[in-house]
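[1] what shape does this take:
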Amino acid sequence: MTTPPRGAVGTAIQVILLLLLVSILAGVILLLLAVASLVNVPGQVAGGLGSQLTGVAADASRAASGAQQALQNVTDPNHPPSGLIQDNEFATLQVVHAGETLPGGTQYVINLRGIKRRAGADAPENALYAEIHAELRQPREIRLLGQLLRSDSDPHDHVVYKGETFRIARALYRVNWLSEADRAFAVAAYRLPDTVSAPLKFDYE
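    Modelled structure (predicted):
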């Protein structure tokens, strides 16, 4: 075992003393609250005093929690971070530029044609949209006696805004952001697509 640095030990002692002082202060405040409830004081005055003392007690409690966190930071440098919000909704984030193909298509090829701006949008996040083009990898062909009569790639064009969701093969994506300057948008793949109930803008195999 390694001996903590003297500076860290001194800080820890100071934090412990601070905890003791805060505890004493909290005890005094609780005692004042008890006395105020027993003394015959007009309701308005007692209520105001009680609310003030309650606020002071809440501040003392928050100070005690902060002092405990500071003590943990000093004595345990490997402690887990506090106040972080863990987000496990998405598995990956991919940036797709105009002309590039979105991942995952098996029967269809889905390309980003570009990023456009809509005039008269009610909010900035509703002004930009992505133009998506989809068509079959292998066009459907109609032949007669070996002669090609018709070829159909089943083309479709879609408009997708920020926050909208779409599916390609088994992957479910959500539009994270769009950039007109970069002519690109970012799509986030859901980690658990089967649990997502958001409406789909389009769905391709």
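[2] hmm, E100 and Q94 touching each other?
    No. Using CB atoms under 8 Å, Q94 makes no contact with E100, being 9.8 Å away. No exception for glycine: its C-beta is placed from N, CA and C like everyone else's.
[3] got the contact list for the residue lying closest to V159 once chain neighbours are set aside?
    Excluding the flanking residues, the one nearest V159 by CB to CB, 6 or more residues apart in numbering is Y129, at 5.0 Å. Going by CB atoms under 8 Å, 6 or more residues apart in numbering, Y129 touches 115-118, 159-161, 178.
[4] how about R137?
    Neighbouring residues of R137 by CB under 8 Å, 6+ apart: 105-109.
[5] surely the residue nearest to V159 forms part of a strand?
    Yes. The assignment for Y129 is a strand, going by DSSP: H, G, I helix; E, B strand; the rest coil.
[6] who's it bridged to?
    K116, Y161 (DSSP bridges).
[7] and the pLDDT at it?
    Note on Y129: pLDDT of 94.
[8] what helix or strand is G163 on?
    If you go by DSSP states H and E, G163 is not part of any helix or strand.
[9] which stretches of the chain form strands?
    For the chain, strands defined by DSSP state E occupy the ranges 90-97, 108-117, 128-136, 140-144, 147-152, 156-161, 165-168, 171-179, 184-190, 200-204.
[10] make CSV from the ones you listed and add distance to L32 to it.
    Below are the strands of the chain laid out as CSV (distance: least, CB to CB, whole Å):
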stretch, distance to L32
strand 90-97, 51
strand 108-117, 63
strand 128-136, 59
strand 140-144, 84
strand 147-152, 84
strand 156-161, 58
strand 165-168, 56
strand 171-179, 53
strand 184-190, 53
strand 200-204, 61
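[11] to L20, which of those lies closest?
    strand 90-97 (45.8 Å; CB to CB).
[12] now do the same for R150: its pLDDT.
    On the pLDDT scale, R150 gets 82.
[13] and the residue nearest to it when sequence neighbours are not counted, how many neighbours does it have?
    Residue nearest to R150 in three dimensions, not counting chain neighbours: I142, with 4.2 Å by CB to CB, 6+ apart. Using other CB atoms under 10 Å, I142 is surrounded by 10 other residues.
[14] contact partners for I142?
    I142 is in contact with 148-152, counting by CB under 8 Å, 6+ apart.
[15] just those now: which is nearest S23?
    D152 (78.9 Å).
[16] just the buried ones from the contacts of Y129?
    The neighbour count (16 or more other CB atoms under 10 Å) marks 115, 160-161, 178 as buried among these.
[17] how about JSON lines for the residues you listed, with pLDDT added?
    Converted to JSON lines, these look like this (pLDDT from 0 to 100):
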{"residue": "I115", "pLDDT": "95"}
{"residue": "V160", "pLDDT": "94"}
{"residue": "Y161", "pLDDT": "94"}
{"residue": "L178", "pLDDT": "95"}
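[18] and those, which is closest to L18?
    L178 (49.8 Å).
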